[in-house]
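Visitor: Pasting a predicted model and its sequence here:
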Amino acid sequence: MHPDPYLQRIGLTDLRAAEVSPDYETLGRLVSAHLQHVPFENLDIVGDPHGAADGDGDGVSLFLPDLYEKLVDERRDGYCFELNGLWAWLLGELGYDVDRCAGRVTDEGEFGHPPANHHTTVVHLDKSYVVDVGSGTPQLRTPVPLDGTPVEDAVGVQWRVDPDDTRLSDYVLKLRTPGEDWSVRYRFETTPRALTYFEATCDYLANDPDGTFTSGPIVARSTPDGTLSLDADTLTRVADGEPTERTIQPSEWHEVLSSEFGIRL
């Protein structure tokens, strides 16, 4: 395992680990590149929706060498525990002071089940920032300080972190899209965790028959002006806040997966 192939994997072919200055500007560049080159996807959980045989995927491992092999060597992707799992390793290799932290994605009026159902990271620079390459859309495109300062990303989404008054966690990450009110993306603790801390919840979410990640394929990545997402039969492109949808036939699904997301099953 070496960080240089990982940097190439996320499109930063001009950057070498030995030359990285672990500062805010480089962190922002790393986040943006990662979100555009490494999609969020659950295909190792649900399997190939248009494959020759029905069945589940290959399953999810949080063993770091397995994550490196999947994301870097095989140029595949994953969901939060995988993406932020290897991302935290990369940041550490590049000289950042980074903590793995447990998040709690909640619905309105709910506490979030199970606890620690999200893996995020907190990076300590001049301030502490939440940094996440494994969340759903809209994706967190920029480091957000833990001091309540609103930050606007490249596509006009505003983000801020406030103390969590529910006592479920330490902080709450909020977002506001143009024309909307602030809403909660997730709550999170700042206690540093080992990657093994997330194994039980990762296994639960990957096997829950009624869960979000087992209900069908989810593939999504950032673009310079929005997002691109694919499910079993629809490609959705959001550009400058305007969504467009195209129905994808089973015969062309794998080609779209390859051409738009770089994924070959």
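Guide: Received, thanks. Numbering: from 1, shown residues only.
Visitor: Could I get the full set of helices for the chain?
Guide: With DSSP state H as the criterion, the chain has helices at 3-9, 24-37, 43-46, 64-68, 80-93, 199-207, 250-261.
Visitor: Put the alpha carbons of the shortest one into CSV.
Guide: It stands for helix 43-46. Coordinates of each C-alpha in helix 43-46 appear next as CSV, following Å, rounded to 0.1, in the frame of the first residue of the first chain:
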residue,chain,number,x,y,z
LEU,A,43,-22.8,-2.9,-6.0
ASP,A,44,-20.8,-5.3,-3.8
ILE,A,45,-23.9,-5.4,-1.5
VAL,A,46,-26.8,-5.7,-4.0
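Visitor: Show me the contact partners of that helix.
Guide: Residues outside helix 43-46 that contact it (CB atoms under 8 Å, 6 or more residues apart in numbering) are 56-60, 70, 76, 78-79, 206, 213-217, 219, 263, 265. For glycine as for every other residue, the C-beta is placed from the backbone atoms N, C-alpha and C.
Visitor: mind redoing it with 6 Å?
Guide: Contact with helix 43-46 is made by Gly57, Asp58, Val60, Ala206, Phe213, Pro217, as judged by CB atoms under 6 Å, 6 or more residues apart in numbering.
Visitor: out of these, who has the most neighbours?
Guide: Note: the member of these with the most neighbours is Val60, at 23 neighbours, neighbours being other CB atoms under 10 Å.
Visitor: Where does pLDDT dip in this protein?
Guide: Counting by pLDDT under 70, the chain contains low-confidence residues at 52-57, 107-114.
Visitor: How much space separates the spatially most central residue of the chain from Thr121?
Guide: The centroid of the chain falls nearest to Gly134 when counting by CA atoms, centre = their mean (1.1 Å). In this structure, Gly134 and Thr121 are 9 Å apart, going by CB to CB, to the nearest Å.
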